[in-house]
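[1] I need the structure of the sequence given here:
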Amino acid sequence: MKKLSLIDKFIFIVNSILATILFIAYFSYYVSPNSISFVSILSLSIPFLILINLIFAIYWLIKLKKQFWLSTIILLLGYQYIAKFYSFSEKKVLLTKDIKVMSYNVRMFNLYNWIEEKNVAQKIYDFIKDKDPDILCLQEFHTAAKIGFNYPYKFIKTSNKKNNFGHAIFSKYKIINSGSLNFSNTSNNTIFVDVVKNKDTIRVYNVHLESLKINPKKDNFNQEISDKLRVRVENSFKKQANQATLITEHLKKVNYKSIICADLNNNAFSWVYRKLIADKNDAFEVAGEGFGKTFDYYFPFRIDFILTDKALEINNFKTFHIPHSDHYPIMARLNFNPS
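    Numbering: from 1, shown residues only. Coordinates of the predicted model:
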């Protein structure tokens, strides 16, 4: 520190604070929101903290200063998190026999005109028709949309008889069983189906965890609003934890391969992600490319996932950056019968 200029001393102090926060934030992956909710909130900042610490490391490296090691060591300690944040190469194995699985939060097909664009529902339908997934999981589905998906099998679950808002699974393969986990005190939910392809039965979950109820593009933050948001986010994280636990308990009763298509309203650094990824692969990490951004925001937030049983081979994964919802659709190509 003695050999640093006054400006560099200040930069290193800021560097030290942000490196410490990143190190603490790493623990959000292992700590339940029901135990320490504040640590869970820090998980949302991990992508930003990784980038800023990388910038600090590069800054000190260019200046040939030993302060380079602070952020470098912290980043190396969290190497597994960097792999979840960015995938360096796309796996491109496209087979005629593999299965295309798509997950998409359609935001009620723009029913309330959040997007100032005409025929959004039809554009969503046309996009899905073009990509032609074999299994399609839609979150924030709304039956009022005057479009019909051409699938022989489907399961749609709405919040209640008066509410047309819910979740849907469409399949080209026969559905022999279906159900709902019926989350309490929320419009979010998880539904599931068992589909049969040849002699294989596969359980498919369509998951939509509790929303944080934040609009980062519109919320004007001040101290009072920030305090209210913090409490709201903490409560949402606790609900997410309970919902994820319910899903994993449900999964324990499944005796065959399973796939989770999910809008977690949380990222890959969170406790709920760790809970759901157990004994599964993240299709983005295996076969995706880039940041995998799935939420329409300035920063690359990845909050939508396809998690697959390890017995299933992931051949390809894509995120489609189309502006028809506040989420981007994702699709994985899976081999149900890897050799």
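[2] Start from the N-terminal end of this structure and give the strands.
    In the chain, the segments counted as strands under DSSP state E are 99-105, 135-142, 153-160, 163-171, 174-180, 189-197, 200-208, 258-263, 280-282, 304-309, 313-319, 330-335.
[3] Pairing partners for the first one, with directions?
    Yep, that's strand 99-105 we're talking about. Paired strands of strand 99-105, with direction, are strand 135-142 (parallel), strand 330-335 (antiparallel) (DSSP bridges).
[4] Show me what that strand is in contact with.
    The contact list for strand 99-105 (CB atoms under 8 Å, 6 or more residues apart in numbering) reads 124, 128, 131-140, 197, 204, 206, 208, 259, 261-263, 304-306, 325-327, 329-336. The C-beta positions use only the backbone N, C-alpha and C, and glycine is treated the same way.
[5] switch to 6 Å and redo it
    133-140, 261, 263, 306, 327, 329-334, 336 (CB atoms under 6 Å, 6 or more residues apart in numbering).
[6] quick one: buried residues of the worst-scoring helix or strand of the chain on mean pLDDT?
    Ranked by mean pLDDT, DSSP states H and E, the weakest helix or strand in the chain is helix 79-85, scoring a mean of 80. For helix 79-85, the neighbour count (16 or more other CB atoms under 10 Å) marks 81, 84-85 as buried.
[7] For residue 252, grab the count of nearby residues.
    Neighbour count for residue 252, taken as other CB atoms under 10 Å: 7.
[8] To clarify, my last question referred to residue 11.
    By the measure other CB under 10 Å, the count of residues near residue 11 is 17.
[9] how near is it to residue 17?
    Residue 11 sits at a distance of 11 Å from residue 17 (criterion: CB to CB, to the nearest Å).
[10] For the closest residue to residue 206 other than its chain neighbours, which residues are in contact?
    Counting by CB to CB, 6 or more residues apart in numbering, residue 206 lies nearest to residue 137, which is 4.0 Å off, once chain neighbours are set aside. Residues in contact with residue 137, defined by CB under 6 Å, 6+ apart, are 103, 169, 206, 261.
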